[in-house]
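Colleague: My questions concern the predicted model and sequence given below.
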Amino acid sequence: VNGLMTLGFAGARQQTNLCNESLMLEKLPACGKSFEEMMKKVESKNWCNLTEFIMYYDNFTQCTEREANSASCFWPNPLAEGFITGIHKQFFSNCTSEKVHWEDPPDEILITLILIPVMLTCAMITLVVWCSKRSDIL
């Protein structure tokens with residue numbers, strides 16, 4: 001698939017460089033090491049707070065993209081995604097999103113929210129029927 005993506009669609013400009021996956025896999029760990037060094041500046045209790053390390057993560061992402069492109073590989077690709085997933089497991093495995101627990105509103109509010117549109121619909125139907133019967137006067 002990577003070779004087909006690199007070659008492009010039929011009739012499009014063909015590239016002679018095919019993805020050098022082994023070169024890319026050799027270069028990606030440098031991005032991980034750099035990210036690891038930058039993350040040492042952030043306390044581990046703040047690793048789930050994206051605002052604490054967003055610049056470091058952006059640098060990491062750009063590094064992986066640059067290294068994939070220098071190996072003539074498209075980005076993201078399955079190998080790069082696997083590497084990035086490994087970094088995520090290393091640093092963010094304890095970050096779980098809290099699920100919002102939805103509750104129904106109290107019965108008084110729920111009944112009101114249901115009855116208002118029903119009553120408005122009935123009133124509009126009554127008005128339309130009344131106006132249609134009195135069209136000779138209007």
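Modeller: Alright, I've got the coordinates.
Colleague: how's this protein carved up into domains?
Modeller: In terms of domains, the chain is parsed into 21-92, 105-137 (source: the TED database).
Colleague: any low-confidence regions in the chain?
Modeller: Counting by pLDDT under 70, the chain shows low-confidence ranges at 1-16, 97-98, 135-138.
Colleague: So which residues of it form helices?
Modeller: Secondary structure of the chain (DSSP state H): helices located at 2-7, 21-39, 50-70, 78-92, 107-133.
Colleague: Now tabulate those in a markdown table and tack on mean neighbour count and distance to H101.
Modeller: (Glycine included, C-beta is placed from N, CA and C.) Formatted as a markdown table, the entries for the helices of the chain read as follows, by neighbours: other Cβ atoms under 10 Å; distance: least, Cβ to Cβ, whole Å:
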| stretch | mean neighbour count | distance to H101 |
| --- | --- | --- |
| helix 2-7 | 12 | 43 |
| helix 21-39 | 16 | 32 |
| helix 50-70 | 15 | 23 |
| helix 78-92 | 15 | 23 |
| helix 107-133 | 10 | 17 |
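Colleague: Rebuild those as TSV, extending it with distance to K99.
Modeller: Output for the helices of the chain, formatted as TSV (distance: least, Cβ to Cβ, whole Å):
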stretch	distance to K99
helix 2-7	37
helix 21-39	27
helix 50-70	18
helix 78-92	17
helix 107-133	23
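Colleague: What lies in contact with stretch 67-77?
Modeller: By Cβ atoms under 8 Å, 6 or more residues apart in numbering, the list of residues contacting stretch 67-77 from outside reads 2, 5-6, 15, 17-21, 23-24, 27-28, 30-31, 64-65, 79-80, 84.
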